[in-house]
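> coords please:
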Amino acid sequence: MAATRLIAMHTNKGRSIARSLKDRIDYAENGAKTNGGKYISSYECNPKLADVEFARDKQFYLANTKRKYKGDIIAYQIRQSFKPGEITPEEANKVGYETAMRFTKGNHAFVVATHTDRAHIHNHIIFNAVNLDCDRKFRDSWFIALALQKVSDHVCLEHGLSVIKPRKPGERDKRTEYPKRISLREEIRLTVDELMGQGPKSLEELLFFFEQEGYEVKRGKHIALKGKGQQRFIRLDSLGDGYTQEDLRGKIEGDVGKSQKYRKRDFDLLIDIQKKLAEGKGGGYVRWSKVFNVKQVTKALFFLQEHGVQTYEELSDRADSTSRRFNELSEKIKACDSRLTEISEMRKAIINYSKTRDTYIAYRKSGYSKKFYEAHREEITIHKAAKEAFSEYTKGGKKLPKVKDLNAEFGEVLAEKKAMYGEYKLARKEMKDYQTAKYDIDHFLGLYEEEAQQKEQKQQLNSNQELE
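Predicted structure coming up:
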């Protein structure tokens, strides 16, 4: 059972955006509350540098859109609290991650910090108000709290947890003090998210799940749904990106990864009909699969023609080269993340050393008094940790950098990472497209050769029978 609350985060009075973000994220990631950082996870950001990355994304957004609002929202926080004794911290963090992924549809970077310092385990999920492409912001609305709670409930049910039952009218708690219904399309999208979690093997099976949920399904060229309280059918194609017929079919039949964000592609992986037959699929499914495969191969051939690929060897080379390019960019981005972490830790060590230097000098003058140590344990421990970091850094003969130089390098590395990210996404798409095309062609040629061999064996058998 999990109760949720969505909180819009604004800039604190007298503080910058970066400082406001740091204060909130530092509280969420507090080691004393997260078992030394053990129960922290993140998506599309480094949890140690999330405040800096969120602030930099905000700058990119302002530069791209020129939009600036009074009382602007810099991030959002989801508080997700669980029933005492019902869940472990590890599973709570997984539930929080899945909830955030589905709620943001994978469009926003986020950090999930699970706190265990209270009787009830709870998550602090902070996600960037600016999307990953830095051209849009999360759109808050009157019904968003209900949408969030429903997503959370669906994830909890999938993990075998209980959900909060609504109270009688007039007795609702804070999380349900909103109008009773959300938009019909949003209701269907949330139901799609829930049913996709049940692992349907085909679009037809997904529609069967909808019928089990009480929806009326209109099949045909444009599939439409009508739930309880609806007066008209709503087409899947009107639900937006990730929820159209082709998007859902590609996700189900192609089995392209575990991401909760359903991406539409020009073509998808061919269906292994023999494997599906072994799973008990019927003749009607086989006929549909053959038509589907032919369409996918045709799309793959058009894709290759558009990109000037004329031979199989050239296709293999493109698949290999795009894979290498993606791996190179991935390694470069990882290197940037690693360097950003190093800079952040060294900068923190220098600042901590400066702040605690006077206390440590007084501790040394006291003759390393135990009484003085107990009174200033935290500051002395921080100072010693900073000195150890300096010793490790200067082992190779390097000089300690200045904070000003570290700040300048941090900005340069972060800008380099952001500049590569667009190319990285393009390289990832190209790699997937070429690998999918190669898989489809390989699979198609394999089926063709298999059919040719069967035909030849049948002809040989007929010839032998005639001779007899």
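> now residue 109, what are its backbone angles?
Dihedral angles of residue 109 (phi, psi; degrees, to the nearest 10) stand at phi -70, psi 150.
> I figured it hits residue 49, correct?
No - the pair residue 109 / residue 49 is not scored as a contact, 10.8 Å apart, by CB atoms under 8 Å. Placement of C-beta: from N, CA and C, glycine included.
> who's more crowded, these two?
residue 109 (23 against 19; other CB atoms under 10 Å).
> alpha carbons of stretch 303-316, in PDB - could you do that?
C-alpha atoms of stretch 303-316 as PDB (Å, rounded to 0.1, in the frame of the first residue of the first chain):
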ATOM      1  CA  PHE A 303      14.800   1.700 -45.300                       C
ATOM      2  CA  LEU A 304      17.900   0.200 -46.900                       C
ATOM      3  CA  GLN A 305      17.000   1.700 -50.300                       C
ATOM      4  CA  GLU A 306      16.600   5.100 -48.700                       C
ATOM      5  CA  HIS A 307      20.000   4.900 -47.100                       C
ATOM      6  CA  GLY A 308      21.800   3.600 -50.200                       C
ATOM      7  CA  VAL A 309      22.500   0.100 -48.900                       C
ATOM      8  CA  GLN A 310      22.600  -2.200 -51.900                       C
ATOM      9  CA  THR A 311      24.400  -5.400 -50.800                       C
ATOM     10  CA  TYR A 312      24.200  -7.600 -47.700                       C
ATOM     11  CA  GLU A 313      27.900  -6.900 -47.000                       C
ATOM     12  CA  GLU A 314      27.200  -3.200 -46.900                       C
ATOM     13  CA  LEU A 315      24.300  -3.800 -44.500                       C
ATOM     14  CA  SER A 316      26.600  -5.900 -42.200                       C
END
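> how far off centre is that stretch?
Put simply, stretch 303-316 sits 32 Å off its chain's centre (CA atoms, centre = their mean, to the nearest Å).
> buried sites along that stretch?
303, 304, 309, 315 (16 or more other CB atoms under 10 Å).
> closest to residue 418 out of those residues?
Residue 418 has its nearest neighbour among these in residue 303, at 29.5 Å by CB to CB.
> from the contact counts, what lies against the helix or strand residue 384 falls within?
Remark: residue 384 resides in helix 377-393, with elements defined by DSSP states H and E. Using 3 or more CB pairs under 8 Å, 6 or more residues apart in numbering; DSSP states H and E, the elements in contact with helix 377-393 are helix 312-365.
> after the helix it packs on, which helix or strand is next?
Downstream of helix 312-365 (by DSSP H and E), the next one is helix 370-375.
> with just CA atoms, put that next one into PDB.
C-alpha atoms of helix 370-375 as PDB (Å, rounded to 0.1, in the frame of the first residue of the first chain):
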ATOM      1  CA  LYS A 370      39.100  13.000  23.600                       C
ATOM      2  CA  LYS A 371      36.600  15.500  25.200                       C
ATOM      3  CA  PHE A 372      37.300  18.000  22.400                       C
ATOM      4  CA  TYR A 373      37.000  15.200  19.800                       C
ATOM      5  CA  GLU A 374      33.600  14.100  21.100                       C
ATOM      6  CA  ALA A 375      32.300  17.700  21.100                       C
END
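> hang on, residue 337 packs against residue 46?
Yes - with contact defined as CB under 8 Å, residue 337 and residue 46 form a contacting pair (5.3 Å).
> quick one: the helices in the stretch 1-150 of the chain, in order.
Shown for the stretch 1-150 of the chain, the helices assigned by DSSP state H, counting those that start in this stretch span residues 17-28, 50-65, 89-104, 144-158.
> which helices and strands does the shortest one pack with?
To tie it back to what came earlier, the one meant is helix 17-28. Helix 17-28 packs on strand 2-10, helix 50-65, strand 73-82, strand 110-115, strand 122-128, going by 3+ CB pairs under 8 Å, 6+ apart.
> as JSON lines, these with distance to residue 200 and mean pLDDT would be great.
Putting the helices and strands packed on helix 17-28 into JSON lines (distance: least, CB to CB, whole Å; pLDDT from 0 to 100) gives the following:
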{"stretch": "strand 2-10", "distance to residue 200": "25", "mean pLDDT": "85"}
{"stretch": "helix 50-65", "distance to residue 200": "35", "mean pLDDT": "83"}
{"stretch": "strand 73-82", "distance to residue 200": "27", "mean pLDDT": "90"}
{"stretch": "strand 110-115", "distance to residue 200": "27", "mean pLDDT": "94"}
{"stretch": "strand 122-128", "distance to residue 200": "28", "mean pLDDT": "94"}
